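Enquirer: dropping a prediction and its sequence here:
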Amino acid sequence: MSKSKILVLGGDMRFVTLTSGFYRDGYDVSVYGFSDDVEFDVGIVREENLAEALDGKDVVVMGLPATNDDITVRTP
């Protein structure tokens, strides 16, 4: 059985903690939209391109609201 691929799109420190939890539980985790000063566990992939980041993911985690204008993804 292959492990699920999860993408976490931005967020605050709660999302950083959530991301670490997913990774430690054995999921294939990547992130997009976090500032460069946010540190993640070794093994979590920091994506540079949103379209490529979304490709092949089973789950995408975003904060609410995910967008204010139905076009731009919020990544505070």
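Expert: Okay, I see it. Please read all numbers here as calculations on a predicted model, not as lab measurements.
Enquirer: mind listing the strands for the protein?
Expert: Assigned by DSSP state E, the strands in the chain fall at 5-9, 28-32, 45-46, 59-62.
Enquirer: closest one to Ser20 among the ones you listed?
Expert: strand 28-32 (8.5 Å; Cβ to Cβ). (Each C-beta comes from the backbone N, C-alpha and C, glycine too.)
Enquirer: what helices or strands is the closest one leaning on?
Expert: strand 5-9, helix 13-24, strand 45-46, helix 50-54 (3 or more Cβ pairs under 8 Å, 6 or more residues apart in numbering; DSSP states H and E).
Enquirer: could you redo the last one with a cut-off of 7 Å?
Expert: Identification of packing neighbours for strand 28-32 by 3 or more Cβ pairs under 7 Å, 6 or more residues apart in numbering; DSSP states H and E yields strand 5-9, helix 13-24, helix 50-54.
Enquirer: count the neighbours of Gly33 for me.
Expert: Neighbour count of Gly33, defined by other Cβ atoms under 10 Å: 21.
Enquirer: that older thread, including distance to Thr75, could the strands of the chain go into JSON lines?
Expert: Below are those laid out as JSON lines (distance: least, Cβ to Cβ, whole Å):
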{"stretch": "strand 5-9", "distance to Thr75": "6"}
{"stretch": "strand 28-32", "distance to Thr75": "7"}
{"stretch": "strand 45-46", "distance to Thr75": "13"}
{"stretch": "strand 59-62", "distance to Thr75": "8"}
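Enquirer: Glu52: which of the ones you listed is closest?
Expert: strand 28-32 (9.2 Å).
Enquirer: direction included, what does that closest one pair up with?
Expert: strand 5-9 (parallel), strand 45-46 (parallel) (DSSP bridges).
Enquirer: and the pLDDT at the closest residue to Leu9 other than its chain neighbours?
Expert: Spatial nearest neighbour of Leu9, excluding adjacent residues (Cβ to Cβ, 6 or more residues apart in numbering): Met62 at 4.6 Å. On pLDDT, Met62 comes in at 90.
Enquirer: now Met62: how far from Ser2?
Expert: 23 Å (Cβ to Cβ, to the nearest Å).
Enquirer: more neighbours, these two?
Expert: Higher neighbour count among Met62 and Ser2: Met62, with 17 against 6, using other Cβ under 10 Å.
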